[in-house]
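predicted model and sequence follow; I will ask about them next.
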Amino acid sequence: MKKNTKLLHYKKDTKFETGLPTPGITKTIKKKLEFWWALPWTKARESKRDGEGKGEEGGERQGGNPPKYGDFEAQRHWMEITLNLPVKEWYRNSTTNDISYWGLDYPPLTAYQSYFHGLFLRFFHPESVSLLTSRGHESYLGKLLMRWTVLSSDALVFFPAVFYFVLAYHSGRPNGHKTHIAWHIAMILLSPCLMLIDHGHFQYNCISLGLTVGAVAAVLSNKELVACFLFSLALNHKQMTAYFAPAFFSHLLGKSLRHRNPVLEVLKLGLVVLGTFALVWWPYLHSMEAFSRVLSRLAPFERGIYEDYVANFWCTTSVLVKWKRIFTIQSLKLLSLGATVSTCLPSMVQQIWAPSNQGFLYGLLNSAFSFYMFSFQVHEKSILLPLLPASLLALEEPFLLIWITLYALFSMFPLLCRDKLVLPYIAASALFVLIYYVPSGRQDAKETRSFNSFVTTCLVSCSVVLHIVYLTMHPPYRYPFLFDAMIMLLCFSQFMLLAFYTNAKQWMLMKRSVLLDKEKKHH
Amino acid sequence: MADLLWFFAISTCLKLLLIPSYRSTDFEVHRNWLALTHSLPLSQWYFDETSPWTLDYPPLFAYFERFLSIFAYLIDPQMIDQGFGFEEANFDLGIGCLVPNACDCGPFAFPVQWVSVGGFVDLAFVFGARKGFGWHYCWCGLVKGLRRLSVLGAVVVAVFAVAYGPFIYHGQIQQVLRRMFPFGRGLCHAYWAPNFWVFYIILDKGLAFLLRKLGFAIQTPEASFTGGLVGDSSPFAMLPQITPLATFAMVLLALSPCLIKAWRDPRPGMISRWVTYAYTCGFLFGWHVHEKASLHFVIPLAFVAVQSLENARHYFWLSIVSCYSLFPLLFEAQEYPIKVLLLLLHSIIMWLAFSAQFTKGEEAKAAARIKKKDEQLKLKGNSNRADKKEGFVIGGVEKSYLKGTLISAFDEACSPRNIVLIPSTTMLIIKTLKDFDCDHNSKNISNIFVGNVIEITKLMQPR
């Protein structure tokens, strides 16, 4: 019958045969998904929390005694301070600005950003940012507006940066499939860690990470000055971005050394960096005292080498070696500095010797890893920093990405449990894994598994079991943090393995890049 | 198969994420029904008055709630407590998990039951009868036909017996029917459904206004249209009153072309479209139709949307309109981006999928085939062939409607206190009844009224 043949004819081209109908779909899906699925549970948490606020949006500052409610309150307080006080007073302790109550401890760009967001909040809901009277202010509208500021920052800074990056990255590769591009965008934008931290927990990592991604994209398109500018901005937004500084430094240095006039290049870059810093720090450059005051806020060494249970070297080995008891803070500072620099050195050397775009991305990952592992006062949320270059490298190292994402999520699991974000955690991870295994092209990338699949299944099932144990069982009385420690150990082991792998990979690239260099020189 | 599972898994994840969001009154309604069916014996289900939300769905639904309440009890016994408000977090999770995945929207998906009953019974009857009488030229055929009809009838009767049996036994059928069909609730629901009666009401108000200006003494009606439990006083100032029977008659009238068609040429493949049409008629002319009922005619159409270009167009159009008309249900500011982006996402996916499905190359071949058929059957339709050649495009009217929805959606966004300002330039689109042309096999009947004018008139009524 004619009707049946028509049906058959159409069926041949249905999506189930050729993968998703157009790559464009996946792209737009990702874009929209990223946007709106962040919303439900961020909004949802507000609908449950009117007037309650028991530190669910806590984080670094837990044990929220009213009205100290954690990151959310900190950000709101910063908006209040920056809106109502003159610029010079922002970092100074005074009667109106009590530094001990969530004092500003990010560089000035965060302060400017708080100011603009404060303007937005004041326009719609002045009570939430009025000086001194709005402490602990938590109304439905206020919370909604705060969430909107994060969303808008995400959309205005992070998204364009990612698109710029993808453009730059794929323009250098002639054989990029459209589906690959879409998948790549999805992997970066739908990173569950970033979503959960920024939107569930309340942070503005999207801005600094977005600026970093923009800087990376600029490097890939050979616009080094733009890259310096953007990265300096990122550094001035959150000092954590310094995790990437060695990679940028070494890569740009390596590139400059290959120019005809290296000193000039270095000078140019240096001037841009200094200029940007001067621009951002302008209000605080009038006196040494103001400058050092801000600086001291940025590096709170008195909090010790680690806090809570973060999956880095100091915290994990503290099970055996009680660092805090053996050494003083001063010596620990030096120790961690030494360890960080020495682990970061191989990757830096490689980039100075043979800079390449590929190597640069690996270099970012490696320097971030070494800082995460050995730096002073690392927070669980800092895992976002190694995660970013891993997602940028999604097409080269898909298995690395999914493995590091899952373990990064796992390392943040206790934190998210405290914030009652278990359901979004599950849904976000599930969504990420599903999109990773999207049933369309990209079959080629799936075969590059470096681990034995038996080992991976073992590890995955261990993690799942630990999840369930953590949620359901009570730890023994003598060791109340037993499960946290177990999670930390598992994650740390995986991170170490991955760090070794990526370092090795970066060095192996060198052989290839040396060959390519020789070819270029001949041409 | 793996692909299907993948899509299913993705949609499950998304629904999981939506679990903690806005809790509508429907949520509490269903929770109350869980409690009711769990704690009270069957004879009390339709008599219970402890809450304003009485059970007003047919018995099978009540049994379903009873079944779910077993699991609800296991998850959190407090949920089923009748006097309970709602505050727990795991309660959310419990309820969320209980909502079956087949329901597209968590807290709201259930249709106006009498339409469904009417529609299904009508079509089943006609379908069965037609098959039965197909061989009326043959005596033995008649017997076969009658036997088939009686089998079909028996099945229907049996289902009804299972559902209503216990209530007939208790002698409660009157009460059940009264609860299921609360005609006292007024012609229109509090949140209007975009159906035909809106125009009737607009006309009535317009005429009253005009005549008042001209000096006539028109009495303002006491009752309002959108009050939930009005009673039977008439809210119309000028035009004749509409009784439930009148609406029923109109629905049957609207359904009749479809029924006649199904009678003349019953084809199993067309059942989905006919069901859609039946629901659409019920939606347009029914008594106290809820906006949510628009879902009920979109879903059957989805099943056949991929089969032909016309269906795809209609489905694309219909699903966007019905989704947009549901926007006022989610009126909280925090749901605003979710609903807008969800609709955008859905329309983009549909657009891309259908475009890929019905590419120009494809359509050229299809058009060629149809051309041949045209010549054979000598039917009209230059425009049809032209339509087909363009592939999946939407016409100018539809485009301007979509632009209008974007403008009004944006307008809503600009005022964070959720004042709904509707630009008055958005227009009303009516897709008139198209003729059935089953030989072409490509047309469908769709009748859509747009929500924008409805929202303007809504401004005249208190929410």
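In hand now; what should we look at? Numbers count the residues shown, from 1 in each chain, chains lettered A, B, ... in the order given.

residues of the helix or strand harbouring B:E310 that come out buried?
In this structure, B:E310 is located in helix B:309-325 according to DSSP states H and E. The neighbour-count check on helix B:309-325 (16 or more other Cβ atoms under 10 Å in any protein chain shown) flags B:309-325 as buried. In this view, the C-beta of every residue, glycine as well, is placed from N, C-alpha and C.

give the other helices and strands that the helix or strand just after it contacts.
Downstream of helix B:309-325, the first helix or strand assigned by DSSP H and E is helix B:336-357. Helix B:336-357 sits against helix A:23-48, helix B:309-325, helix B:396-414, with contacts defined as 3 or more Cβ pairs under 8 Å, 6 or more residues apart in numbering or on different chains; DSSP states H and E.

for the second one, give the mean pLDDT please.
When the per-residue pLDDT values of helix B:309-325 are averaged, the result is 76.

pLDDT weak spots in the stretch 351-500 of chain A?
Low-confidence segments of the stretch 351-500 of chain A (pLDDT under 70): A:439-452.

and the helices in it?
Using DSSP state H, counting those that start in this stretch, the helices assigned to the stretch 351-500 of chain A run over residues A:357-374, A:384-392, A:398-418, A:422-436, A:443-446, A:453-472, A:482-522.

out of those, which gets nearest to chain B?
In terms of Cβ to the nearest Cβ, the element of these nearest to chain B is helix A:422-436, at 4.2 Å.

that closest one close to chain B?
Yes. For a cut-off given as Cβ under 8 Å from any Cβ of the partner chain, helix A:422-436 has contacts with chain B, namely A:423-424, A:426-428, A:430-431, A:434-435.

filter these to the buried ones?
In those, the ones that pass as buried (16+ other Cβ under 10 Å) are A:423-424, A:427-428, A:430-431, A:434-435.

reformat the helices of the stretch 351-500 of chain A as CSV; add distance to A:A111.
Formatted as CSV, the entries for those read as follows, by distance: least, Cβ to Cβ, whole Å:
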stretch, distance to A:A111
helix A:357-374, 24
helix A:384-392, 21
helix A:398-418, 26
helix A:422-436, 30
helix A:443-446, 43
helix A:453-472, 37
helix A:482-522, 33
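
the helix holding B:E310 close to chain A?
No. Helix B:309-325 stays out of contact with chain A when judged by Cβ under 8 Å from any Cβ, the minimum separation being 9.8 Å.

tell me what that helix is packed against?
Helices and strands touching helix B:309-325, as assessed by 3+ Cβ pairs under 8 Å, 6+ apart, comprise helix B:294-304, helix B:336-357, helix B:396-414, helix B:451-458.

interface residues of the stretch 101-250 of chain A facing chain B?
With Cβ under 8 Å from any Cβ as the criterion, the stretch 101-250 of chain A meets chain B at residues A:124, A:141, A:144-145, A:147, A:151.

most surrounded residue in those residues?
Neighbours were tallied for each of these (criterion: other Cβ atoms under 10 Å in any protein chain shown), and the maximum of 23 neighbours falls on A:L145.

secondary structure element for the nearest residue to that residue once chain neighbours are set aside?
Closest residue to A:L145 in three dimensions, ignoring its sequence neighbours and counting by Cβ to Cβ, 6 or more residues apart in numbering or on different chains: A:L121, at 5.2 Å. Under DSSP H and E, the secondary-structure element containing A:L121 is helix A:108-124.

quick one: A:A290 from chain B, how far?
Relative to chain B, A:A290 is positioned 38 Å away (criterion: Cβ to the nearest Cβ, to the nearest Å).

spit out the contact partners of the nearest residue to that residue once chain neighbours are set aside.
With Cβ to Cβ, 6+ apart as the measure, A:Y284 is the residue that lies nearest to A:A290, at 4.6 Å, once sequence neighbours are left out. With Cβ atoms under 8 Å, 6 or more residues apart in numbering or on different chains as the criterion, the residues that contact A:Y284 are A:88, A:91, A:108, A:290-291, A:293-294.

again, only this time at 10 Å
The contact partners of A:Y284, by Cβ atoms under 10 Å, 6 or more residues apart in numbering or on different chains, come to A:87-88, A:90-91, A:107-108, A:290-295.

got it, and A:A242?
For A:A242, the set of contacting residues under the criterion of Cβ under 10 Å, 6+ apart consists of A:234-235, A:248, A:367, A:371, A:375, A:385.

cool, A:K381 as well?
Contacts for A:K381 (Cβ under 10 Å, 6+ apart) come out as A:59-60, A:71, A:193-194, A:196-198, A:201, A:203, A:205, A:240, A:310, A:408, A:411-412, A:415.

what does A:C462 give?
Applying Cβ under 10 Å, 6+ apart, one finds that A:C462 lies in contact with A:486, A:490.

repeat that for 8 Å
Neighbour list for A:C462: A:L490 [criterion: Cβ under 8 Å, 6+ apart].

then A:L211?
Contact partners of A:L211, counting by Cβ under 8 Å, 6+ apart, are A:157, A:161, A:230-231, A:233-234, A:237, A:241.

name the element it belongs to?
For A:L211, the element it lies in under DSSP H and E is helix A:205-220.

any regions of the stretch 51-200 of chain B where pLDDT drops low?
Per-residue confidence for the stretch 51-200 of chain B (pLDDT under 70) gives these ranges: B:51-53, B:75-145, B:180-194.

now do the helices in the stretch 151-300 of chain A.
A:159-171, A:178-189, A:192-195, A:205-220, A:224-237, A:245-257, A:262-281, A:288-298.

CA atoms of the fifth one as CSV?
This means helix A:224-237. What follows is helix A:224-237 as a C-alpha-only set of coordinates in CSV (Å, rounded to 0.1, in the frame of the first residue of the first chain):
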residue,chain,number,x,y,z
GLU,A,224,48.6,36.8,23.3
LEU,A,225,47.9,40.3,24.5
VAL,A,226,44.2,39.7,24.7
ALA,A,227,45.0,36.5,26.6
CYS,A,228,47.1,38.3,29.1
PHE,A,229,44.4,40.9,29.6
LEU,A,230,41.7,38.4,30.2
PHE,A,231,43.7,36.2,32.4
SER,A,232,44.7,39.1,34.5
LEU,A,233,41.1,40.0,34.9
ALA,A,234,40.4,36.4,35.9
LEU,A,235,43.2,36.6,38.5
ASN,A,236,41.7,39.8,39.8
HIS,A,237,38.3,38.2,40.2
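
residues making contact with it?
Contacts of helix A:224-237 (Cβ under 8 Å, 6+ apart): A:106-110, A:113, A:204, A:207-209, A:211-212, A:214-216, A:218-219, A:241-242, A:244-245, A:248, A:252, A:255, A:265, A:268-269, A:272-273, A:276-277, A:280-281.

which parts of that helix are buried?
By neighbour count with 16+ other Cβ under 10 Å, helix A:224-237 contains the buried residues A:224, A:226-237.

following element in sequence after the strand or helix carrying B:L259, please.
When elements are assigned from DSSP H and E, B:L259 belongs to helix B:244-264. Using DSSP H and E, the helix or strand that follows helix B:244-264 towards the C-terminus is helix B:271-285.

spell out whether that next one and chain A are in contact.
No. Residues of helix B:271-285 are not located near chain A by Cβ under 8 Å from any Cβ, the shortest gap being 13.2 Å.

low-confidence ranges in the stretch 51-200 of chain A?
Counting by pLDDT under 70, the stretch 51-200 of chain A contains low-confidence residues at A:51-69, A:175-176.

swap the cut-off to 80 and go again
Applying pLDDT under 80 to the predicted model, the residue ranges of the stretch 51-200 of chain A that meet it are A:51-70, A:96-100, A:131-140, A:172-179, A:200.

report the separation between B:V321 and chain A.
If you measure B:V321 against chain A using Cβ to the nearest Cβ, the figure is 20 Å.

kindly apply the preceding question to B:Y277 instead.
Per Cβ to the nearest Cβ, B:Y277 is found 19 Å from chain A.

and for B:V306?
B:V306 is 7 Å from chain A, where distance means Cβ to the nearest Cβ.

that residue should be in a strand, yeah?
No. Using DSSP: H, G, I helix; E, B strand; the rest coil, the assignment for B:V306 is coil, not a strand.
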